[in-house]
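Novice: I'll drop the sequence and a predicted model, then ask my questions.
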Amino acid sequence: MSFAFTADRKKRFNALLKQYPDKRSAALPALHLAQDQEGYLTTETIETLAQMLDITPASLMDTISFHTLFHTKPRGKYLLQVCQTLSCSLAGADEIVDHLSHKYQVKAGETTPDGKYTLLKVECLGACDTAPVVQINDDYYEKVSKDKLNRILDKLP
Amino acid sequence: MSDYQPILTMHAGQPGSATRDYYLANGGYRAARRAVLDMNSDDIIQMVKYSNLQGRGGAGFPAGVKWSFVPRDDKRAKYLICNADEGEPGTFKDRMLINHNPHQLIEGMIIASRAIDCHLAFIYIRGEFAKEARLLEAAVEECRASNILGKKIFGGKYDLDILVYRGGGAYICGEEMALIESLEGKRGWPRIKPPFPAIEGYLRCPTIVNNVETLSNLPHIVNNGAEWFRGIGASPDSPGPKLYCLSGHVRKPGVYEAPMGTKLTTLIFTHAGGTTEGKKLKAAIPGGSSAPVLTADEIEDLKMDFPSLTAAGSMLGSGGIIVMDETTDMVQACYNLARFYAHESCGQCTPCREGTTWLTKVLRRFTQGRGRMEDIDLIGDITDNIGGLCDFSKGSFGKTICPFGEAVSWPIRAFMDKFRDEFEAYLPKEEAA
Ligand SMILES: Cc1cc2nc3c(=O)[nH]c(=O)nc-3n(C[C@H](O)[C@H](O)[C@H](O)COP(=O)(O)O)c2cc1C
Ligand code: SF4
Ligand code: FES
């Protein structure tokens, strides 16, 4: 499967190249753009993007593998990212992981067979005052309890 | 509580506080206009130097002094990067500043850019803050549309644009050299210093990295003067307003603005309403997870500013205060942090990469009741090997490329030394005997 930006994204990508003093600096914004569009980064996407940025696919891969928000394998429609660092842990984050794990019958790092949910344990999300925190895709859900989380999850399309 | 009037968070919570028009209606961009039209680089640097504004990102380095390292008459472009990576566990103030007052930050960036003669500045924001990144983009757009950013801003001769750059989810990218590498589209591996970024940073050009909160102070310093700023807080050597983040076992977790040097007990018991359910206070981490933990006894009378925390054997760091009451299992807490650091080590230096993994393994063994007496010394050896002790006399400081090494070893070591009895209590019976 080859990769191409949609017309709108292509425009944004070209704008990026104009804004940054060198092409490679546009790598992270370009990767975000591509991943938003495709869901994850395939080999073809990486090869095409590397060409557009004038670097080798291997060196773009190096950047991708370092930054945890980029993924090269399909993930669930909903990424359930539970913060497990100290303030969230003090506020009961472990129970939240156990609850989700039980609810969807997955371990952390796994995706449900229907491809809908991926459960991830993540590190401090920078919102420790509203612990425990769960990020679902781009959105933060704060001060969650099992019940509150159930209500949120049930409302997702 | 005292009669202190918030400065940085004055408008927080007001409807529309994140918009340009609200900001302008409340005196916004007066300072930037003045910096661009009526002040030169020296004027600004001198003013900020005299103000004693110390970096709020962790290290507390004086901002004006850092700017003065940028070489003059150098043909290369100069860059300013706002560090909005906010990854230090226990820290969530920059997110608040961005959400409630993005224009205060942009105004600060205009002033800092003018001071170092930068024409393209960046806001490196952690990738998870997608909403905040969009909000900043919108604020930048508003400025471009009204000659606050772009060509010949405020009708003068100075050009400046700002780009918002979303990171990719890596704690180490908060370290300034790793951040620069990541901004260049590479893996976030810290570079060896020197050369410092002020000499050779982004694209090998002179670069200043400053934290969101540091930059947000600048409009107020330009408007009210350095003398005014020095008068805020307990000491003119470490002055200014400070955002303290309180989380963990407190009744009212949140960001509280108070003068630098406010007592830690005041923050915990007055601002944050005391411990949850009124339990006894056991300990607090005063400045983000990298700051060595302090026991309840050590906290008595402790002033929260840079010199006082250093004197207490810890650090003010990012101002992230994690409060732990008597129910806290310190072995678990220590393991939790070790695990965090093992996950976040960039893997470049062997002592840090291997050491953090070993610490996590040994501590996990402890939490499972399989610890051994000699593990207590082993933990000491590993932390000593990664980053040295809090005991500077041992001379084992600066063993790794970046300060992450110390940021792991000091807090782990402090947990061990201060709560040793709890570690021993986890030993199996035959070991403890
Ligand atoms: C491991 C590590 C993580 C860091 N994370 C951050 C961060 O998230 N935000 C920040 O402003 N500074 C962070 N710093 C400090 C930066 O390297 C740098 O000193 C700071 O951004 C400078 O800004 P300031 O002088 O305004 O404080 C970190 C440092 C280290 C060693
Ligand atoms: S100390 Fe750790 S985080 Fe810093 S450069 Fe070395 S391996 Fe990377
Ligand atoms: S510890 Fe979970 S958001 Fe900081």
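Specialist: Okay, I see it. These numbers come from a predicted model, not from an experiment. Ligands and ions are numbered 1, 2, ... in the order given.

Novice: Okay, and the beta partners of residue 82?
Specialist: In the absence of a named chain, chain A is used. Per DSSP bridges, the residues bridged to A:Val82 are A:Lys121, A:Val134.

Novice: sorry, should have said chain B
Specialist: Here B:Cys82 shows beta-bridge partners B:Ile123, B:Asn210, assigned using DSSP bridges.

Novice: hang on, isn't it packed against B:Ile123?
Specialist: Yes - taking CB atoms under 8 Å as the definition, B:Cys82 is a contact partner of B:Ile123 at 4.4 Å. For every residue, glycine as well, the C-beta is placed using N, CA and C.

Novice: Show me which of the two is the more surrounded one.
Specialist: Ranked by neighbour count (other CB atoms under 10 Å in any protein chain shown), B:Cys82 and B:Ile123 place B:Cys82 first, with 30 against 27.

Novice: which phi and psi does B:Val140 have?
Specialist: The phi/psi pair for B:Val140 (degrees, to the nearest 10) reads phi -60, psi -40.

Novice: how many neighbours does it have?
Specialist: By other CB under 10 Å, neighbour count at B:Val140 equals 21.

Novice: swap in the one 3 residues further on?
Specialist: As a burial measure, the neighbour count of B:Cys143 was computed by other CB under 10 Å and equals 25.

Novice: OK, contacts around it?
Specialist: B:20, B:103, B:106, B:149-150, B:162 (CB atoms under 8 Å, 6 or more residues apart in numbering or on different chains).

Novice: Can you tell me the element it falls in?
Specialist: B:Cys143 belongs to helix B:130-144 when elements are defined using DSSP states H and E.

Novice: partners of the helix or strand following that helix, with directions?
Specialist: Per DSSP H and E, the first helix or strand lying C-terminal to helix B:130-144 is strand B:161-166. With DSSP bridges as the test, strand B:161-166 is paired with strand B:120-125 (parallel).

Novice: How about the partner strand and ligand 1, any contact?
Specialist: No - using CB under 6 Å from any ligand atom, strand B:120-125 stays clear of ligand 1, with a minimum separation of 9.0 Å.

Novice: now the angle from that strand to helix B:130-144?
Specialist: For strand B:120-125 against helix B:130-144, the angle by axes from the mean of the first three to the mean of the last three CA atoms, to 10 degrees is 160 degrees.

Novice: what's the model's confidence in strand B:120-125, averaged?
Specialist: Strand B:120-125 carries an average pLDDT of 98.

Novice: All the helices of the stretch 151-300 of chain B, residue numbers only.
Specialist: B:176-183, B:212-224, B:226-230, B:264-266, B:296-299 (DSSP state H, counting those that start in this stretch).

Novice: nearest to ligand 3, of those helices?
Specialist: Minimum separation from ligand 3 across the helices of the stretch 151-300 of chain B (CB to the nearest ligand atom) falls at helix B:212-224, 16.5 Å.

Novice: Which strands and helices lie in contact with the closest one?
Specialist: helix B:30-37, helix B:41-51, strand B:79-84, helix B:93-100, helix B:102-116, helix B:226-230, strand B:241-248 (3 or more CB pairs under 8 Å, 6 or more residues apart in numbering or on different chains; DSSP states H and E).

Novice: That one to helix B:41-51, inter-axis angle?
Specialist: Using the same axes, to 10 degrees: helix B:212-224 against helix B:41-51 is 100 degrees.

Novice: hang on, the earlier thing: which one among the contacts of B:Cys143 gets closest to A:Tyr117?
Specialist: Set against A:Tyr117, the nearest of these by CB to CB is B:Ile162 (37.2 Å).

Novice: tell me which parts of the stretch 301-433 of chain B are close to ligand 2?
Specialist: Residues of the stretch 301-433 of chain B lying close to ligand 2 by CB under 6 Å from any ligand atom are B:345-349, B:352-353, B:400-402, B:404-405.

Novice: ChimeraX command to pick out the buried ones of these?
Specialist: Selecting only the buried entries of those in ChimeraX, with 16 or more other CB atoms under 10 Å in any protein chain shown as the criterion:
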select /B:345,346,348,349,352,353,400,401,402,404,405
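
Novice: and ligand 1, which of the residues of the stretch 301-433 of chain B next to ligand 2 reach it?
Specialist: When CB under 6 Å from any ligand atom is applied, the members of those adjacent to ligand 1 are B:402, B:404.

Novice: Could I get the CA-only coordinates of the helix holding B:Cys143 as CSV?
Specialist: This file holds the C-alpha atoms of helix B:130-144, laid out as CSV (Å, rounded to 0.1, in the frame of the first residue of the first chain):
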residue,chain,number,x,y,z
ALA,B,130,-2.5,17.9,21.9
LYS,B,131,-5.2,20.3,23.1
GLU,B,132,-2.6,22.7,24.6
ALA,B,133,-0.7,22.6,21.3
ARG,B,134,-3.8,23.5,19.3
LEU,B,135,-4.5,26.3,21.7
LEU,B,136,-1.0,27.7,21.3
GLU,B,137,-1.3,27.4,17.5
ALA,B,138,-4.5,29.4,17.7
ALA,B,139,-2.8,32.1,19.9
VAL,B,140,0.2,32.3,17.5
GLU,B,141,-2.2,32.8,14.6
GLU,B,142,-4.1,35.6,16.4
CYS,B,143,-0.7,37.3,16.9
ARG,B,144,0.3,36.9,13.2
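
Novice: got the angle for that helix vs helix B:102-116?
Specialist: 60 degrees.

Novice: okay, the residues of the stretch 301-433 of chain B next to ligand 2 in TSV with pLDDT, secondary structure and distance to B:Lys186 next?
Specialist: Shown next, in TSV, are these (pLDDT from 0 to 100; DSSP: H, G, I helix; E, B strand; the rest coil; distance: CB to CB, whole Å):
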residue	pLDDT	secondary structure	distance to B:Lys186
B:Ser345	97	coil	17
B:Cys346	97	coil	12
B:Gly347	95	coil	14
B:Gln348	96	coil	12
B:Cys349	95	coil	17
B:Cys352	95	helix	19
B:Arg353	96	helix	18
B:Thr400	91	coil	19
B:Ile401	93	coil	15
B:Cys402	94	coil	15
B:Phe404	94	helix	18
B:Gly405	93	helix	21
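
Novice: wait, which of the residues of the stretch 301-433 of chain B next to ligand 2 is closest to chain A?
Specialist: Of all these, chain A sits closest to B:Cys346, with 7.8 Å by CB to the nearest CB.

Novice: Can I get the helices of the stretch 151-300 of chain B in TSV including mean pLDDT and mean neighbour count?
Specialist: Formatted as TSV, the helices of the stretch 151-300 of chain B follow (pLDDT from 0 to 100; neighbours: other CB atoms under 10 Å in any protein chain shown):
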stretch	mean pLDDT	mean neighbour count
helix B:176-183	98	26
helix B:212-224	98	25
helix B:226-230	98	17
helix B:264-266	98	19
helix B:296-299	96	15
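
Novice: can you tell me which residues contact A:Leu16?
Specialist: Contacts of A:Leu16 (CB under 8 Å, 6+ apart): A:26, A:29-30, A:33.

Novice: So which bits of the host helix or strand of it are buried?
Specialist: Using DSSP H and E, the element containing A:Leu16 is helix A:7-19. For helix A:7-19, the neighbour count (16+ other CB under 10 Å) marks A:13, A:16-17 as buried.
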